[in-house]
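> Sequence first, predicted model second:
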Amino acid sequence: MIGADTCGARLVLSLDVPTDLGPPGIVTYVPGQLPAWTGAAYALFEALAGWPLSSGVDGLACAGNPGLIPSTLKVNKAVIPGNLQLAWTASCSQGAGNYGIYEGTIGTWYSHTQIDCADAGADLTEEITPAAGNRYYLVVPHNVCGEGSYGQRTGGIERPVGAAVCAGPQIVTSCP
């Protein structure tokens, strides 16, 4: 569950994974379907046509698709010796509210974990202190509803989420 709110006497839920709810009668609800507890059973409150979208229920509104970062991450020496300056271009989507920086170990692919969850100054650059060893970096757009793409590997397969994330769940859809 990623959100809950009341609408009248009903408790409305927002789910990030398919979830079985019941009894009486077990029904599987999927992301984009908003189930509501009526006091006696769960029933469909609203089926959203294009998840993620705003549900119109306070507390469940989503600011849109955070999108992805075009592959333009640049790494430069920073002002402080030993630090790095990362610079990137904006997400392809208006839904990105911020950006998280992830660091992983080269050779141990998909070991990335968040090291900074906010683009201070909203200038699409951040100065970081790298960990020891050979490292790789990812910049991931996010908003209040979740993260966008971590990028794709060969064959168009999405990279998995980090070990520790800035925002979850991952929202991966095409940009407008």
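Structure received. What you are looking at is a predicted structure, and each value in this text was computed from that prediction instead of being measured. Residues are numbered from 1 along each chain as shown.

> Now do the contacts for the closest residue to Thr129 other than its chain neighbours.
Ranked by C-beta to C-beta, 6 or more residues apart in numbering and with sequence neighbours excluded, the top spatial neighbour of Thr129 is Asn83, at 5.3 Å. Bear in mind the C-beta positions are built from the backbone N, C-alpha and C, glycine included. Listed by C-beta atoms under 8 Å, 6 or more residues apart in numbering, the contact partners of Asn83 are Lys77, Glu127, Ile128, Thr129, Pro130.

> Now the buried members of those residues.
For the contacts of Asn83, a burial check counting by 16 or more other C-beta atoms under 10 Å picks out Ile128.

> And stretch 137-157, what's buried?
So, applying 16+ other C-beta under 10 Å, buried residues of stretch 137-157: 137-143, 145-150.

> for that stretch, how far is the first residue from the last?
The first residue of stretch 137-157 is 18 Å away from its last residue (C-alpha to C-alpha, to the nearest Å).

> can you list the domains in the chain?
The record's domain parsing of the chain by automatic domain parsing lists 3-47, 74-158.

> Quick check: end-to-end length of the first one?
With C-alpha to C-alpha as the measure, domain 3-47 spans 15 Å from end to end.

> With stretch 107-118 instead?
27 Å.

> Quick one: residues in contact with stretch 9-24.
Stretch 9-24 is contacted from outside by 1-6, 26-31, 33-39, 41-42, 45-46, 55, 57, 60, 146, 168-169, using C-beta under 8 Å, 6+ apart.

> mean confidence score for it?
Stretch 9-24 shows an average pLDDT of 78 in the prediction.

> any low-confidence regions in this structure?
Within the chain, the stretches with pLDDT under 70 are 23-25, 48-64, 176.

> so who does the residue nearest the centre of it touch?
Using C-alpha atoms, centre = their mean, the residue of the chain that lies closest to the mean C-alpha position is Glu147, 1.3 Å off. Going by C-beta under 8 Å, 6+ apart, Glu147 touches Pro66, Gly100, Val140, Pro141, Val161, Val165, Cys166, Ala167, Gly168, Pro169, Gln170, Ile171.

> now with 6 Å?
When contacts are counted by C-beta atoms under 6 Å, 6 or more residues apart in numbering, Glu147 touches Val140, Ala167, Gln170.

> Likewise for Glu46?
If you count contacts by C-beta under 6 Å, 6+ apart, then Glu46 has Leu34 around it.

> Within the helices and strands, which one has it?
Element membership for Glu46, per DSSP states H and E: strand 42-47.

> got it, and Pro70?
Element membership for Pro70, per DSSP H and E: none, as it lies in no helix or strand.
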